[in-house]
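1. everything below, folded, please.
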Amino acid sequence: MIYFILALILLVVVFTRLAHLDDSIKKLQAEIQIIKANLSAGNVSNSTQNTVQSVPLSQPSNVVKISVSQVDEIKKEVRAENQLENWFKENIIIKIGILMILAGFGWFASYAFMHNWIGPEGRISLGVALGVLLTIFGSFRLGKNKVQGVAFTILGSALVVISVLAGQYFYNFFSPIIVLAIAFIVSVYVSITALYKSYEDLVAYALILSLCAPYFSHTDSMDPVLLYTYLLVVSIGTIWISVLKKWKSPTVMGITGVLLYSLQVFWGGVANIETTKYTILLISYIMSLLYLGVNMFGLIKNKIAINSGDVYLTIVNTIIILGFTTSIVTKDYQSIFLIGWTLFYAISGYFVYKTTQNDQMFYIHTLASTLFLAVATSIEFSGQTMVIASEFEAVIICLSSFVVTRKIKIAENFSALMIVPFLLSLSSLFSSKWDTGIMHSDFVVLFIMTILLAVLGVFFRANGEVSKSELKMGHFMFICSTVYLYALVWLSSHALLTQKDMAVFISLFVYTIIGLITHFVGLFNRHLVLKNYGMALLIAVVARLVFVDVWNMELTLRIVTFIVLGVLFISTAFISRSQSREVVSQ
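-> Residues are numbered from 1 along each chain as shown. As a prediction, this is how the structure comes out:
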């Protein structure tokens with residue numbers, strides 16, 4: 001104990017002296033700036049000129065003259081040394097007396113602990129009292145020296161909390177709720193002090209202290225309602241600080257703490273407590289709305305671009321809502337809750353976009369809304385019904401984004417959502433149901449996917465940039481639609497015809513006709529995309545014939561297939577020749 005007190009005394013002395021040195025340095029830096037300004041204006045002070053010219057003219061030429069900056073550096077060192085010396089000389093008897101009293105008190109406390117003169121109550125009280133004094137001292141030092149003030153405030157407040165925790169752990173003096181209350185009061189005091197001086201780093205420390213208090217005091221393992229009520233109070237204070245000072249870090253830290261404590265709910269920690277779980281759900285929803293509200297408020301009021309903090313806040317908020325809903329709400333009602341959040345995020349994203357024209361926030365909220373909708377869809381539907389629902393949802397979201405923003409680029413970006421139904425529809429391509437015919441759900445999945453991709457292709461060509469030489473989103477959607485069409489032709493012909501070679505012949509014949517038509521339409525209209533698309537399809541047909549079907553077909557059907565397709569290819573020579581004549585005549 002004596003060494004601890006002596007260390008604190010030494011720390012006070014060192015930091016106090018550093019404060020004086022820091023103040024001196026700041027004054028000297030101000031003087032340097034003034035001198036530099038005078039030098040740049042050709043107006044050097046007399047004192048500086050006299051100092052620079054202090055070297056006698058009779059000195060040899062090899063003597064190095066002292067520059068203005070060197071003089072300032074020397075003056076700074078001399079003043080600092082003088083200040084330190086003057087501090088030790090000033091009231092030295094009183095300072096020695098104070099140090100002697102503190103040292104004696106330290107030895108007395110150590111001796112009293114060893115002989116049990118000071119019981120457990122006294123030890124804890126001494127630690128709390130010392131922590132309070134250091135915290136108050138640090139609060140007053142904040143106005144004169146930030147480093148000192150922050151250090152002593154953190155040291156003192158931590159000592160208070162540690163002393164109270166020691167009283168709980170070793171002596172059972174305090175209940176977890178009392179420890180939580182004391183830690184919260186300490187954090188509030190530190191936060192108010194930091195707000196008054198506008199020190200964001202000290203606010204971050206106070207927030208960490210308040211968030212860690214339930215864990216160290218074991219309050220998190222007692223009553224879940226109490227825990228989340230406490231987190232709600234902390235969240236309200238955090239949001240108030242963020243709005244007051246326009247700081248993003250407190251809300252990021254606050255929602256991170258809520259997420260960490262919520263993991264026990266996601267893992268089923270309170271899912272079976274019927275009397276409290278919906279109260280916890282309500283509190284979690286209120287916290288999510290508060291964090292979402294302060295995020296939107298900041299963007300609308302400041303009208304600035306979204307940053308990583310806003311993205312993180314929205315993502316974590318979405319995870320918290322999903323986690324609580326799927327962990328607490330019964331399965332029969334989960335989709336209803338999620339649809340509600342889907343609409344809320346969609347409306348909030350629309351409102352923020354219309355107010356700020358912020359594309360990024362619209363993306364974030366729409367994607368979060370899409371996630372809620374996807375989870376609700378997976379809960380309500382299964383199998384191919386879920387795939388069909390996801391196809392329509394992706395297209396509706398894509399088209400709706402254009403209706404809201406009137407920006408085709410945003411709609412093109414949201415068309416990437418079609419990847420989800422594409423991956424889900426892969427199972428329909430290889431389903432065993434095709435062995436029984438075409439009247440089944442897998443046919444419907446592929447058919448709807450074909451139609452919806454074609455609809456997107458028409459939409460993008462009608463509203464986007466039209467080009468005959470570059471592959472645009474409209475072209476890409478049309479190509480994807482035809483791929484599904486080719487899959488339908490192939491699978492349907494094999495399902496309807498018992499002779500598989502005939503099915504192959506029909507499929508390849510259809511592909512060849514489509515390839516020739518698109519190739520020459522592109523050729524005649526100087527549409528490079530269509531021309532190359534048709535040629536690629538024809539190359540694929542020939543490759544299929546040469547490397548696969550020539551070895552699998554019966555001889556008769558093989559002859560017919562090659563002759564028919566060969567005639568189709570040769571006939572293009574006449575079309576090409578007529579096209580060449582038109583070009584020459586022009």
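
2. dump stretch 416-431 to CSV, keeping only the CA atoms.
-> Presented in CSV, the C-alpha positions along stretch 416-431 are these (Å, rounded to 0.1, in the frame of the first residue of the first chain):
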residue,chain,number,x,y,z
ALA,A,416,-27.3,-7.8,-58.9
LEU,A,417,-29.9,-9.2,-56.5
MET,A,418,-30.9,-11.6,-59.4
ILE,A,419,-27.9,-13.6,-58.4
VAL,A,420,-29.9,-15.0,-55.5
PRO,A,421,-32.7,-16.5,-57.6
PHE,A,422,-30.1,-17.6,-60.1
LEU,A,423,-28.3,-19.6,-57.5
LEU,A,424,-31.6,-21.0,-56.1
SER,A,425,-32.8,-22.0,-59.6
LEU,A,426,-29.7,-24.1,-60.3
SER,A,427,-31.4,-27.0,-58.5
SER,A,428,-34.3,-26.8,-61.1
LEU,A,429,-31.8,-27.3,-63.9
PHE,A,430,-30.7,-30.7,-62.6
SER,A,431,-33.9,-31.8,-61.0
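
3. check the gap between C480 and L424 for me.
-> As judged by Cβ to Cβ, to the nearest Å, C480 and L424 stand 15 Å apart. C-beta here means a position set from N, CA and C on the backbone, and glycine is covered the same way.

4. so where's the stretch 151-300 of the chain uncertain?
-> 171, 220, 268-275 (pLDDT under 70).

5. nope, the chain is what I was after
-> 1-119, 123, 148, 171, 220, 268-275, 302-307, 549-552, 571-586.

6. in it, which spans are strands?
-> Taking DSSP state E as the criterion, the chain carries no strands.

7. centroid residue for it?
-> Y312 (2.4 Å; Cα atoms, centre = their mean).

8. without its sequence neighbours, what residue ends up closest to that one?
-> V252 (6.1 Å; Cβ to Cβ, 6 or more residues apart in numbering).

9. spit out the contact partners of the residue nearest to L133 when sequence neighbours are not counted.
-> Computed as Cβ to Cβ, 6+ apart, the closest residue to L133 that is not its neighbour in sequence is G156, at 7.0 Å. G156 sits next to L130, G131, V132, L133, L134, T135, I136, F137, G138 when contact means Cβ atoms under 8 Å, 6 or more residues apart in numbering.

10. next one: P214
-> With Cβ under 8 Å, 6+ apart, P214 has these contacts: L180, D220, L227, Y230, L231, Y261.

11. closest to S378 out of the residues you listed?
-> Nearest to S378, judged by Cβ to Cβ, of the contacts of P214 is Y261 at 26.9 Å.

12. which residues touch the closest one?
-> Per Cβ under 8 Å, 6+ apart, neighbours of Y261: P214, D220, L227, Y228, L231.

13. out of the residues you listed, who's the most crowded?
-> Highest neighbour count within these: Y228, with 28 neighbours (other Cβ atoms under 10 Å).

14. got the contact list for that one?
-> Y228 neighbours (Cβ under 8 Å, 6+ apart): Y261, I280, I283, S284, M287.

15. how far away is the residue lying closest to S249 once chain neighbours are set aside from D223?
-> Closest residue to S249 apart from its sequence neighbours, by Cβ to Cβ, 6+ apart: A204 at 6.0 Å. A204 sits at a distance of 28 Å from D223 (criterion: Cβ to Cβ).

16. E554 too?
-> 78 Å.

17. so between these two, which is more surrounded?
-> Higher neighbour count among E554 and D223: D223, with 14 against 11, using other Cβ under 10 Å.

18. show me what contacts the more buried one?
-> Each residue near D223 by Cβ under 8 Å, 6+ apart is listed here: T276.

19. go ahead and confirm L134 touches A158.
-> No. Using Cβ atoms under 8 Å, L134 is not in contact with A158; the gap is 9.3 Å.

20. between these two, which is the more surrounded one?
-> For L134 and A158, the more surrounded residue by other Cβ under 10 Å is L134, and the numbers stand at 23 against 17.

21. for the more buried one, which non-adjacent residue is closest in space?
-> G156 (3.0 Å).

22. re the thing from before, ok now do the residue nearest to S249, which residues does it touch?
-> S249, P250, M253 are the contacts of A204 under Cβ under 8 Å, 6+ apart.

23. so of those residues, which ones are in helices?
-> S249, P250, M253 (DSSP state H).

24. who wins on neighbours among the residues you listed?
-> P250 (25 neighbours).

25. if anything else comes up later, I'll come back, but that's it for now.
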